[in-house]
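Asks: have a look at this prediction, sequence included:
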2 protein chains.
Amino acid sequence: MKVRKPKIVVLGAGYGGLMTVTRLQKQIGSNDAEIVLVNKNDYHYETTWLHEASAGTLHHDRVRYAITDVIDKSRVQFIQDTAEKVDLEAKKVLLKNGEVTYDYLVVALGGAPETFGIPGLDKYAFSITNVNSARQIREHIEYQFATYKVEQGEKPERLTIVVGGAGFTGIEFLGELGNRIPELCKEYDIDQTLVKVICVEAAPTALPGFDPELVEYATAQLERKNIEFRIGTAIKEATPEGIIVAKGEDETEEIKAGTVVWAAGVRGNPIIEASGFENMRGRVKVDPDLRAPGQPDVFVIGDCSLVINEEINRPYPPTAQIAMQQGELVAANLARIVQGKSDLETFTFENKGTVCSLGDDDAIGVVFGKKMTGTKAAFMKKMIDNRALYMIGGVSLTMKKGKFNLL
Amino acid sequence: MKVRKPKIVVLGAGYGGLMTVTRLQKQIGSNDAEIVLVNKNDYHYETTWLHEASAGTLHHDRVRYAITDVIDKSRVQFIQDTAEKVDLEAKKVLLKNGEVTYDYLVVALGGAPETFGIPGLDKYAFSITNVNSARQIREHIEYQFATYKVEQGEKPERLTIVVGGAGFTGIEFLGELGNRIPELCKEYDIDQTLVKVICVEAAPTALPGFDPELVEYATAQLERKNIEFRIGTAIKEATPEGIIVAKGEDETEEIKAGTVVWAAGVRGNPIIEASGFENMRGRVKVDPDLRAPGQPDVFVIGDCSLVINEEINRPYPPTAQIAMQQGELVAANLARIVQGKSDLETFTFENKGTVCSLGDDDAIGVVFGKKMTGTKAAFMKKMIDNRALYMIGGVSLTMKKGKFNLL
């Protein structure tokens, strides 16, 4: 009697999902399991490069590649559709245009902006979320500059860009803006001294958790590019005209701005809550083998998952690095399952380091425990970006999409 | 006794103004007169190429050049300022940041959009007027496409572009859009069948005054590029959502559109009315020697002037060709005046032909009485564009800014 092949469904073709699928297609024989990948777009995008596309320093086609470039079509069935809910009871996923059943599921759907209930942010602020939103931010800024010129300077706030949040994404976006503003001023015949870029951060420091010496380097470098920091300043509201920030105990201040980009928070995909997983802000605190608690057939990885860093008893921040390592482990565990093994491997995050770029030509970072700044760190950043391509798509993808302007 | 040198002031560095100045600096000795050129920008732009910059098919830096590239700085004083009013009594021009007196004045300030009192057009429609407005139209369309994608198709009208007017500018702009839309769809991942480009024209035909056979060729070619014509349809109003057009006797119809470009009318510069010249829609019906009636020291040329075509007893349409011919004649007449001659030459328009482009690769035209279409006409169009550069700036300017992608 021939046993039906188990069906593995992977939701999402981000870092975690694609790593899972590209490993699975090598590790599982075609008779052992069916592999299905579901993704909204027919392309993968580099979430960690989106700040470049948003600023307009890198074209959005450079930050994405076709999913069919990296999957083995004879082994993986690709469904282009949007996952809307997981029916854990019936073991199926409801899609916008259909549904797909599974024996084993990997939820790797990424994050969503977290606005912490601040009024107006969802309506009047942009988020660096995906290719579409990055492209819109780029175009919005350009349209503001073009319109300023037509209005003959009537509304100087069109040349003001507020970035909410001095975390990783905020700082990297500011670094790109620092390089982009001079180009924009040339393109739109605008006096550069009229442009304001203001970073508003509620926490008492930029880049919380980073080495303070590196943080100081980063802010000083960005200030040299005329970026203004308002640290320890909370955004109270976003409006069609800009933002309202807290000032002292009871007062507020309006900062008029043609462009507000919210880069301060990420939560898990709304599908997590919609499907009834136990969660914290859309993230599932996964078991050591990366399965959702009480769901032996469902793995959750990437921004939808929560893994505690035991050393400091706080969750690891959601990064591409951790998502890819999770994808590798989930592929290995699924391989064990379909091969009839019952003991699964447990996940340990191996932090290879973190580099935060400050534009194409500058960065700060800690790599294998070593602090670095400037062009050396910028070089490391590009190597990290290239490594992500290599891990998922091998040499050919790296050659096609990699960053080789290595200073 | 040394007589004070007369001071010639030329307002505007468009086709007429620059032709006047570049001829004057050759024809008048440095002891004979002082020459002053006043212009808002430090650059000249090719008004007849603005539809390309507006559609995004040619970068706006390709349609302009520095005024200092063509004037002889030892002979001509350039003032970058905006003329606001001519004080004919006191023989001076009030500028935004000062004033300038003159002995002889050339008003070559170009036109302004004529909206014929249709409500909302000035507020909600764009006009292809100058470099700033062209750049804004380009960016506006791109922003609409980017936003459509972020909204996941919620507002299909973002992909609708209405062009008001099927005259020369309207048709040339449509031709560029026809070529640009496929590029935009690729850039923004949009299905081309969702894009609508609609030309609304109140007159009973496109390109009134053109040979009907050529008009038919033009509209058929544009329709092949998915452009829809609503001929004999009057715009009643422009709104934030699009336009309202007349339908039958009493009814109206709304056309929702993210972008409305008004390309149907040109009047003279408002300064003509503000300064008390006799005028019709901001245009001065000039004497045969191109002086304003009753103003022996003031010449008016280009879009601010009105010259009657005696053959049909109607004004010649304002074109670059007529403005440049007027500039040549005014320079010659001013040379006669400063040399003490009292008889001035009279103006006769020599129509060398007209070519209307339908994109980079197609056109219709009548040149030296000969009808032509297609690539041959497109070639002629580029030769005409290059000729304007040559007439004002000689070989070096033509080499620098000319169109040499001659199919």
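Replies: Received it, and whenever you're ready, just let me know what you need. Numbering: from 1, shown residues only, chains lettered A, B, ... in the order given.

Asks: C-alpha only now, for contacts and for neighbours.
Replies: Noted.

Asks: beta partners for A:G268?
Replies: A:G111 (DSSP bridges).

Asks: ok, now which ones touch it?
Replies: A:G110, A:G111, A:A112, A:R281, A:G282, A:R283, A:D303, A:C304, A:S305 (CA atoms under 8 Å, 6 or more residues apart in numbering or on different chains).

Asks: and the gap between the last one and B:F368?
Replies: Spelled out, it's A:S305. Separation of A:S305 from B:F368 (CA to CA, to the nearest Å): 74 Å.

Asks: what do you get for the fourth one?
Replies: Distance check for A:R281 against B:F368: by CA to CA, it reads 74 Å.

Asks: the two: who's more crowded?
Replies: Set A:R281 next to B:F368 and count neighbours by other CA atoms under 10 Å in any protein chain shown: A:R281 wins out with 15 against 10.

Asks: wait, doesn't the more buried one sit right on A:R267?
Replies: Yes - using CA atoms under 8 Å, A:R281 is in contact with A:R267, at 5.6 Å.

Asks: chain B contacts on chain A?
Replies: Neighbours of chain B within chain A, by CA under 8 Å from any CA of the partner chain: A:N132, A:S133, A:R135, A:Q136, A:E139, A:H140, A:E142, A:Y143, A:A146, A:T147, A:K149, A:V150.

Asks: and the fourth one, that's in a strand?
Replies: Which is A:Q136. No - assessed with DSSP: H, G, I helix; E, B strand; the rest coil, A:Q136 is helix; it does not lie in a strand.

Asks: quick check: chain neighbours aside, which residue is closest to it?
Replies: B:A146 (5.0 Å; CA to CA, 6 or more residues apart in numbering or on different chains).

Asks: same thing with A:D297?
Replies: Per CA to CA, 6+ apart, closest to A:D297 is A:Y104, 4.8 Å.

Asks: pretty sure that neighbour is touching A:K5, no?
Replies: No - counting by CA under 8 Å, A:Y104 does not reach A:K5; the two are 11.4 Å apart.

Asks: these two: who's more crowded?
Replies: Using other CA under 10 Å as the criterion, A:Y104 and A:K5 rank with A:Y104 on top: 21 against 13.

Asks: Provide the partner residues of the more buried one in its beta bridges.
Replies: Counting by DSSP bridges, the residues bridging with A:Y104 are A:I8.

Asks: mind listing what it touches?
Replies: Listed by CA under 8 Å, 6+ apart, the contact set of A:Y104 reads A:P6, A:K7, A:I8, A:V9, A:D297, A:V298, A:F299.

Asks: which among those residues gets closest to chain B?
Replies: The closest of the contacts of A:Y104 to chain B turns out to be A:V9 (CA to the nearest CA; 25.1 Å).

Asks: run a quick neighbour tally on A:Q77.
Replies: Neighbours around A:Q77, by other CA under 10 Å: 15.

Asks: can you give me how far the helix or strand harbouring it is from the chain middle?
Replies: Applying DSSP states H and E as the criterion places A:Q77 in strand A:76-80. The chain centroid and the centroid of strand A:76-80 are separated by 23 Å, computed with CA atoms, centre = their mean, to the nearest Å.

Asks: paired strands for that strand, with orientation please.
Replies: strand A:34-39 (parallel).

Asks: any buried residues in the next helix or strand after the partner strand, and which?
Replies: Sequence-wise, the next helix or strand downstream of strand A:34-39 (DSSP H and E) is strand A:43-45. Across strand A:43-45, burial judged by 16 or more other CA atoms under 10 Å in any protein chain shown covers A:Y43, A:H44, A:Y45.

Asks: tabulate the residues you listed (TSV), appending distance to A:D287 and pLDDT.
Replies: Putting those into TSV (distance: CA to CA, whole Å; pLDDT from 0 to 100) gives the following:
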residue	distance to A:D287	pLDDT
A:Y43	30	98
A:H44	27	97
A:Y45	28	97
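
Asks: need the pLDDT of the closest residue to chain B within the stretch 251-400 of chain A.
Replies: Closest residue of the stretch 251-400 of chain A to chain B, CA to the nearest CA: A:T259 (13.3 Å). Per-residue pLDDT puts A:T259 at 98.

Asks: how about it: what's its closest non-neighbour residue?
Replies: A:I161 (4.8 Å).

Asks: same thing with A:H59?
Replies: Closest to A:H59 by CA to CA, 6+ apart is A:A53, at 5.5 Å.

Asks: helix, strand, or coil at the one you found?
Replies: Reduced to three states by three-state DSSP, A:A53 is helix.

Asks: A:V63 is in contact with that one, correct?
Replies: Yes - using CA under 8 Å, A:A53 is in contact with A:V63, at 7.5 Å.

Asks: what's the domain layout of chain A?
Replies: Domain assignment of chain A by automatic domain parsing yields the ranges A:7-40+A:81-113+A:266-351, A:116-264+A:353-407.

Asks: now the strands for the stretch 1-150 of chain A?
Replies: Listed in chain order, the strands of the stretch 1-150 of chain A (DSSP state E, counting those that start in this stretch) span A:7-11, A:34-39, A:43-45, A:64-66, A:76-80, A:83-87, A:92-95, A:98-101, A:104-107, A:111-113, A:126-127.

Asks: give me the angle between the fifth one and strand A:7-11.
Replies: Right, strand A:76-80. 40 degrees (axes from the mean of the first three to the mean of the last three CA atoms, to 10 degrees).

Asks: what's the mean pLDDT across strand A:76-80?
Replies: On average, strand A:76-80 scores 98.

Asks: repeat for stretch A:91-108
Replies: On average, stretch A:91-108 scores 98.

Asks: need the longest helix for chain A.
Replies: helix A:374-401 (DSSP state H).

Asks: which other helices and strands contact that helix?
Replies: helix A:15-27, strand A:353-357, strand A:363-367 (3 or more CA pairs under 8 Å, 6 or more residues apart in numbering or on different chains; DSSP states H and E).

Asks: apply 6 Å and report the result again.
Replies: Packing partners of helix A:374-401 (3 or more CA pairs under 6 Å, 6 or more residues apart in numbering or on different chains; DSSP states H and E): strand A:363-367.

Asks: how far away is A:R283 from B:A323?
Replies: 68 Å.

Asks: what packs against the helix or strand A:A323 falls within?
Replies: Secondary structure assigned from DSSP H and E places A:A323 in helix A:320-338. In terms of contacts (3+ CA pairs under 6 Å, 6+ apart), helix A:320-338 is packed against helix A:15-27.

Asks: and the residue of the stretch 151-300 of chain A closest to chain B?
Replies: Nearest residue of the stretch 151-300 of chain A to chain B (CA to the nearest CA) works out as A:Y188 at 8.0 Å.

Asks: relative to B:A55, how far out is that residue?
Replies: For A:Y188, the distance to B:A55 equals 16 Å [CA to CA].

Asks: which one's more surrounded, these two?
Replies: Of the pair A:Y188 and B:A55, B:A55 is the one with more neighbours under other CA under 10 Å, namely 26 against 20.

Asks: OK, contacts around A:G175?
Replies: Shown in contact with A:G175 (CA atoms under 6 Å, 6 or more residues apart in numbering or on different chains): A:L358, A:G359.

Asks: again, 10 Å this time
Replies: Counting by CA atoms under 10 Å, 6 or more residues apart in numbering or on different chains, A:G175 makes contact with A:51-52, A:55, A:169, A:218-219, A:221-222, A:225, A:227, A:356-363.

Asks: quick one: it from A:S357, how far?
Replies: 7 Å.

Asks: for the helix or strand containing the residue nearest to A:T259, output the C-alpha coordinates as CSV.
Replies: Following DSSP H and E, one finds A:I161 within strand A:160-164. Coordinates of each C-alpha in strand A:160-164 appear next as CSV, following Å, rounded to 0.1, in the frame of the first residue of the first chain:
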residue,chain,number,x,y,z
THR,A,160,10.8,68.6,5.7
ILE,A,161,11.0,64.9,6.2
VAL,A,162,10.3,63.5,9.6
VAL,A,163,11.5,60.0,10.5
GLY,A,164,9.8,58.5,13.5
